[in-house]
Every structure is written in C-alpha cells, then in structure tokens.
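J.: Requesting a structural model of the entry that follows:
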Amino acid sequence: MSTTSVNCRINAPRAAIYRALIDPLAIPHWKVPDGMTCEVHAFEAREGGKFRISLTYDLPTNTGKTTARTDTYHGHFAKLVPDEQVVEIDVFETEDPAMQGEMMVTYTLTEEDDGSTLFMAVHEGVPDGIAPADNELGWQMSLGKLAAFVEGR
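T.: The predicted model follows:
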C-alpha cells in the first residue's frame, strides 16, 4: 500500500469547489483521468452516504481493474465539512488481490489571501497493484479538470 499527495491552486472559492466534490452531476466532468469516461451509478452526498462510480477507458487496448476496459469502485463518505474537507473511503470492485483493499481519499480546501483555493488531495492505502507515479498522474489530470470546471474554462 502507498500514499499519493497532490496539490493545486484553483482560482475559485472553496464553496464552488466543495459543491463540485459532492455533486453527482459534476463528478463525470472532473473525476476522471484523460482517456477515460466516468459514469456515476449511485451517489449520496452525506456522511455515511454511499457511492458507486465506473471509469471506462476510451481505447480498447487499455486494461481495467473490474472488467476488460472499466475500473468500478464503490465506497462511502466518511466525513463532510462544508467548504473545507471531504473524506471518502473507496474500494475497487476487482478479483485481483493486488488491487483490493480500502483506500482513503482526503480533500482539503484552504482559502488563500488572493481569493483562490489551495486544494490538497491525499490518497492513502493505494493498492500495491497501482504504481504511485501512475496514481499521482491520474489525480493530476483529474484536478486539472476540476480546476477548469469550477473556473468556468
């Protein structure tokens, strides 16, 4: 198991970013690396609320963790602090032991003096079957999309 941390500055208020983190209609726009599409199957944005999401590779040559081209994961919201923090527990739906186990993702939003927001994402318990560099790259892609989404780009 490994831990990945990614930070970025987003030119938007914390409230707008927080909404994008807990809005099931926003999730497909940002919570997906390049070369994939996102489908939200279930999403209850409340502490203890459950979610289930699938990420599908655009190209048939990529291999998914759940099916031939898809990574599906489910989990629940462990903590929601409006406009400040989201903590979720994720579990891949897979038969591969190297991809199994609970992962904790913590998003922390800190308001900066210039009105922007420092966005910090810490992904703990990343399964051994995922290279930390690959996980970090995927999160950087997703956070770039999150910034574009909430900044209206």
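J.: what's around the nearest residue to Asn62 once chain neighbours are set aside, how many residues?
T.: Ranked by Cβ to Cβ, 6 or more residues apart in numbering and with sequence neighbours excluded, the top spatial neighbour of Asn62 is Arg69, at 6.3 Å. Just so you know, the C-beta spots here come from the backbone N, C-alpha and C atoms, and that holds for glycine as well. For Arg69, the count of nearby residues is 16 (other Cβ atoms under 10 Å).
J.: ok so Ala147 is a helix residue?
T.: Yes. The assignment for Ala147 by DSSP: H, G, I helix; E, B strand; the rest coil puts it in a helix.
J.: thought it was touching Ile10?
T.: Yes. Look at Ala147 against Ile10 with Cβ atoms under 8 Å: they come within range, at 4.6 Å.
J.: which neighbours do the two share?
T.: Phe119 (Cβ atoms under 8 Å, 6 or more residues apart in numbering).
J.: and the gap between the residue lying closest to Glu111 once chain neighbours are set aside and Thr94?
T.: Sequence neighbours aside, Arg14 is the residue nearest to Glu111 in space, at 5.5 Å (criterion: Cβ to Cβ, 6+ apart). Using Cβ to Cβ, to the nearest Å, Arg14 is found at 34 Å from Thr94.
J.: centroid residue for this structure?
T.: Lys31 (5.1 Å; Cα atoms, centre = their mean).
J.: Can you list the residue ranges for helices in this protein?
T.: Secondary structure of the chain (DSSP state H): helices at 14-22, 27-30, 132-151.
J.: Pick the most deeply packed of these.
T.: When these are scored by mean count of other Cβ atoms under 10 Å, the highest mean neighbour count falls to helix 14-22 (a mean of 19).
J.: Which neighbouring elements make contact with that one?
T.: Secondary-structure packing of helix 14-22 (3 or more Cβ pairs under 8 Å, 6 or more residues apart in numbering; DSSP states H and E): strand 85-92, strand 102-111, strand 117-126, helix 132-151.
J.: Swap in 6 Å and give it another go.
T.: strand 102-111, helix 132-151 (3 or more Cβ pairs under 6 Å, 6 or more residues apart in numbering; DSSP states H and E).
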